[in-house]
Structure formats: structure tokens, C-alpha cells
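> pasting the sequence and the predicted coordinates here, then a few questions.
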Amino acid sequence: MRKKYKHYSEEEKLNLLREYEESGLSVYKFVQRCGVSNRSLFLRWLHQYETEENSVSLPAEPSENDMANRSKDDYRQEIKAQKKRIRELEKALSFSKLETKARDMMIDKAEVYFDIQIRKKSGAK
């Protein structure tokens with residue numbers, strides 16, 4: 001028995017493509033969720049509407065993060081938060097460097113104490 005394939009109108013195709021763009025899902029997961037009969041069909045639609053330069057994305061709406069709508073206080077708060085994050089990351093990096101240095105020293109001491117080579121040779125195959 002043959003499968004019956006659904007015919008999609010242009011409007012249905014565009015709606016599905018918009019939903020796909022909004023969802024953030026992979027093509028495979030989206031096709032499964034929406035019940036499109038075939039993944040390659042959906043990929044063909046994506047390619048077709050990209051090459052025809054039809055707008056598939058949502059219309060631009062003013063967002064809360066629009067630069068024109070932000071106040072100086074918002075910028076100051078964001079800069080303050082970013083500086084704080086930078087300080088935290090620099091502290092974590094310095095701690096990580098200290099940990100690495102401590103491990104290297106411990107390996108050096110273990111190699112001398114046990115008279116074995118722990119690190120791999122750089123030319124080893």
C-alpha cells in the first residue's frame with residue numbers, strides 16, 4: 001500500500017518555516033514534531049525560500065534590548081556586571097594556573113622519588 005503524502009500550500013510552508021526558525025530545534029526534531037512527511041522535503045523548502053530571498057524570518061519587532069530604548073543607567077549596570085564577571089574569570093584563571101603549576105611540581109617530584117617517567121615523551125608514537 002502506498003503512503004499518502006500531504007500537499008502543503010505556500011502559506012503552510014511559510015508558517016512551518018517560521019515555526020522552525022522560532023523553535024531553535026534541529027531539522028530532524030522539528031520535522032518529527034510537526035509531522036512533515038519527509039525531512040528532505042523540508043530541507044528543500046528551506047533552500048528554496050533562501051534562494052528566492054523570500055523573508056521567512058519574523059518581522060523585526062522592537063526588543064527590550066534595543067540600543068535606542070536603553071537608558072544610561074542600564075548601560076552603567078551592564079558595564080558594572082561585565083566588569084564583575086571579568087574579575088571573576090581572571091580570578092578563576094589565576095587559580096587554574098596555580099593548580100596546573102602544583103600538578104607539574106607534584107609530577108616532577110614523583111618522577112624523582114619513584115625514579116619513573118610519568119609524562120609522555122614528545123616524540124613517542
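Good, I have the coordinates. Residues are numbered from 1 along each chain as shown.
> which residue sits closest to residue 34, ignoring its sequence neighbours?
Leaving aside its sequence neighbours, residue 34 sits nearest to residue 16 (C-beta to C-beta, 6 or more residues apart in numbering; 6.2 Å). (Glycine included, C-beta is placed from N, CA and C.)
> element containing the one you found, please.
Using DSSP states H and E, residue 16 sits within helix 10-23.
> just the buried positions in that helix, please.
13, 14, 16, 17, 20 (16 or more other C-beta atoms under 10 Å).
> buried residues in the helix or strand bottoming out on mean pLDDT in the chain?
Within the chain, no helix or strand scores below helix 39-51, which has a mean of 80 by mean pLDDT, DSSP states H and E. Residues 42, 45, 46, 49 are the ones in helix 39-51 that count as buried (16+ other C-beta under 10 Å).
> could those go into a markdown table alongside distance to residue 31?
Output for the buried residues of helix 39-51, formatted as a markdown table (distance: C-beta to C-beta, whole Å):
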| residue | distance to residue 31 |
| --- | --- |
| 42 | 5 |
| 45 | 11 |
| 46 | 11 |
| 49 | 16 |
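> excluding its own residues, what touches stretch 104-113? List them.
Stretch 104-113 has contacts (C-beta atoms under 8 Å, 6 or more residues apart in numbering) with 116, 117, 118, 119.
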